[in-house]
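Trainee: just coords:
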């Protein structure tokens, strides 16, 4: 039996082919036991410790370093020859920068290096990808050299947190509401009869077209400023990192939205795009691109216009989740939900405990996945897998995320301007990818686009599938694919890192 953690690292320091061979021959350590001890109630002393330590300078950086050491232990032979470093890359002349965690592997010094960039979603920082750090080791079987750049998006984590220079039209306290729509729904809501779990087809809806046009005119420049805020940060990071082209840009959720937007605006600087459950794909009634002339039933005497709704997420008559949203949810979204991360620290250890309970079972459930897939003996491929789902790993990720979201990011407000209470973008990716002025150009070597959704994802995978098909039609060739990740939810890269890491590896290998 070969137990990799017990191999003398000095004898194989320069024998990287042996490392790859050893990974393929991995066997579980004799003392391995499945993780079954659920600790869903954090002791008060530990909650207090996490809260107290959160006031330490550079605490988030310390936790980031601890995550790297935990997820890619220097004691394991698999990590021999792996280089990593922390960088603060300038993005302007005003002292702002992007925080980066970089991993590098050299497979053949005679070949060039390819660059893979990860951008996280809202309510997170680069450490949310901790279970994907070991992707770098999976790339040892490829020809080229690879550098993976995990970034804290602008305003998040350890990156700078500047405001948009011109915030005219934006209130930093009260989020401007989207215009009201009147729903005509004569049937009680039966959760079992909802389309794809979240969508209800009602009889009709009514709106004031003139009010909507004013809303669209008002929000278009706001959304353009928000877009420039995020995209210029990514582009200036690329330039100052001296990367001619990003080979693979991987974005999750909110980061997926901006990754896709970057791909459209800077097509020449990106080769391939991988979107993990991106937010904001579907068209819907509150889109600033809604022509307001589709399936009109009639104009009413009160000045409103009545429309026929649809469940098709490629249509602007799609109401998304509006028919099932409560007034309480909508009011919270606009009035104080953006403040919640900022006030979490004021709850002291009790806030830590609340946050722990929100995340713990989501992280620990990977053990159920391992059992369902045949157990660790069948699922684990290297020593780094041994840390997945341990209480040590779960607690460290939670403490990292707690310190990340309590850092008062400007994005707490900007996301509310981009999205509606039904978690759809006022400027949908569907329109960005299909409008003549913003869609992809036809190139001899086109960008490949991959949509990845979890099996139990609450994002609209149907919209992703329809957009993928539309992209292929516009390009007159198959450049876009949709993938489903088993047992995954919206955080599919956390829920099933085995499958996500393998999928990304296979996508990269196709053009290695």
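Mentor: That came through, no problem. These figures come from a predicted structure and were not determined experimentally.

Trainee: In stretch 71-81, which residues are buried?
Mentor: 71, 72, 76, 77, 78, 79, 80, 81 (16 or more other Cβ atoms under 10 Å). For glycine as for every other residue, the C-beta is placed from the backbone atoms N, C-alpha and C.

Trainee: What sits closest to the second one if chain neighbours are left out?
Mentor: In space, residue 72 comes closest to residue 79 once its chain neighbours are excluded; the distance is 5.0 Å by Cβ to Cβ, 6 or more residues apart in numbering.

Trainee: From residue 90, how far off is residue 452?
Mentor: 32 Å (Cβ to Cβ, to the nearest Å).

Trainee: The residue nearest to residue 72 reaches residue 384, doesn't it?
Mentor: Yes: using Cβ atoms under 8 Å as the test, residue 79 is close enough to residue 384 to be in contact (7.3 Å).

Trainee: Residue 452 and residue 90 - which one has more neighbours?
Mentor: Per other Cβ atoms under 10 Å, whichever of residue 452 and residue 90 has more neighbours is residue 452, with 28 against 16.

Trainee: Present the buried residues of stretch 71-81 as CSV; the columns should include secondary structure.
Mentor: Below are these laid out as CSV (DSSP: H, G, I helix; E, B strand; the rest coil):
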residue, secondary structure
71, helix
72, coil
76, coil
77, helix
78, helix
79, helix
80, coil
81, coil
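
Trainee: So for the closest residue to residue 269 other than its chain neighbours, what's the pLDDT?
Mentor: Of all residues not flanking residue 269 in the chain, residue 245 sits nearest, at 5.7 Å (Cβ to Cβ, 6+ apart). We have a pLDDT of 97 for residue 245.

Trainee: what's near enough to touch residue 245?
Mentor: 115, 268, 269, 270, 271 (Cβ atoms under 8 Å, 6 or more residues apart in numbering).

Trainee: what do you get if the cut-off is 7 Å, keeping everything else the same?
Mentor: Shown in contact with residue 245 (Cβ atoms under 7 Å, 6 or more residues apart in numbering): 269, 270, 271.

Trainee: Help me confirm that residue 89 is found in a strand?
Mentor: Yes: judged by three-state DSSP, residue 89 forms part of a strand.

Trainee: So residue 101, which state does it fall into?
Mentor: strand.

Trainee: Just give me the closest of the buried residues of stretch 71-81 to residue 415.
Mentor: Of all these, residue 71 has the smallest distance to residue 415: 27.7 Å, by Cβ to Cβ.

Trainee: Please determine how far the nearest residue to that closest one once chain neighbours are set aside is located from residue 67.
Mentor: Excluding the flanking residues, the one nearest residue 71 by Cβ to Cβ, 6+ apart is residue 133, at 4.7 Å. Separation of residue 133 from residue 67 (Cβ to Cβ): 8 Å.

Trainee: picking that back up, need the contact list for the residue nearest to residue 71.
Mentor: Counting by Cβ under 7 Å, 6+ apart, residue 133 has contacts 68, 71, 72, 103.

Trainee: Which helix or strand contains the first one?
Mentor: With the criterion set as DSSP states H and E, the secondary-structure element containing residue 68 is helix 59-71.

Trainee: And for residue 422?
Mentor: Residue 422 belongs to no helix or strand, assigned by DSSP H and E.

Trainee: Any idea how many residues pack against it?
Mentor: Neighbour tally, residue 422, other Cβ under 10 Å: 22.

Trainee: residues in contact with it?
Mentor: 320, 321, 322, 325.

Trainee: and of these, the nearest to residue 300?
Mentor: Looking across those and measuring by Cβ to Cβ, the closest to residue 300 is residue 322, at 19.2 Å.

Trainee: correct me, but residue 124 touches residue 401?
Mentor: Yes: look at residue 124 against residue 401 with Cβ atoms under 7 Å: they come within range, at 6.4 Å.

Trainee: follow-up on the earlier one: any idea how far the residue nearest to residue 72 lies from residue 335?
Mentor: 48 Å.

Trainee: per-residue confidence for the residue nearest to residue 432 when sequence neighbours are not counted?
Mentor: Counting by Cβ to Cβ, 6+ apart, residue 432 lies nearest to residue 438, which is 4.9 Å off, once chain neighbours are set aside. The confidence metric pLDDT takes the value 86 at residue 438.

Trainee: now do residue 81
Mentor: With respect to pLDDT, residue 81 scores 86.

Trainee: quick check, distance from stretch 199-210 to the centre of its chain.
Mentor: The chain centre lies 30 Å from the centre of stretch 199-210; the measure is Cα atoms, centre = their mean, to the nearest Å.

Trainee: And the buried residues of stretch 71-81, which is closest to residue 299?
Mentor: residue 71 (59.6 Å).

Trainee: hmm, back to that, neighbouring contacts of the helix holding residue 68?
Mentor: 53, 84, 101, 127, 130, 133-134, 157-158, 384, 387, 393, 396, 399-400, 403-404.

Trainee: Out of those, which sit inside helices?
Mentor: 53, 393, 396, 399, 400, 403, 404 (DSSP state H).

Trainee: Grab the two from those residues that are most spread out in space.
Mentor: 53 and 393 (18.0 Å).

Trainee: For the chain, identify the residue most remote from the centre.
Mentor: The C-alpha centroid of the chain is most remote from residue 301, which lies 45.3 Å away (Cα atoms, centre = their mean).

Trainee: measure the residue nearest to residue 432 to residue 222 for me?
Mentor: 17 Å.

Trainee: And those two? Which one has more around it.
Mentor: The neighbour comparison of residue 438 against residue 222 (other Cβ under 10 Å) goes to residue 222, with 22 against 14.

Trainee: Please look at the more buried one and residue 169 and confirm they touch.
Mentor: Yes: using Cβ under 7 Å, residue 222 is in contact with residue 169, at 5.2 Å.

Trainee: quick one: residue 359 from residue 123, how far?
Mentor: With Cβ to Cβ as the criterion, residue 359 and residue 123 are 10 Å apart.

Trainee: chain center to the one helix or strand residue 449 maps to: distance?
Mentor: Assigned by DSSP H and E, residue 449 belongs to strand 448-454. Centroid separation for strand 448-454 versus its chain: 12 Å, with Cα atoms, centre = their mean.

Trainee: For stretch 188-196, measure first residue to last.
Mentor: 17 Å (Cα to Cα, to the nearest Å).

Trainee: Could you do stretch 369-378 as well?
Mentor: Per Cα to Cα, stretch 369-378 runs 12 Å from first to last residue.

Trainee: Please apply the same query to stretch 278-286.
Mentor: 18 Å.

Trainee: roughly how far is it from the heart of the chain?
Mentor: Worked out by Cα atoms, centre = their mean, stretch 278-286 lies 16 Å from the chain centre.

Trainee: Any chance of TSV for the buried residues of stretch 71-81, columns distance to residue 371?
Mentor: Formatted as TSV, the buried residues of stretch 71-81 follow (distance: Cβ to Cβ, whole Å):
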residue	distance to residue 371
71	21
72	25
76	23
77	27
78	23
79	26
80	30
81	33
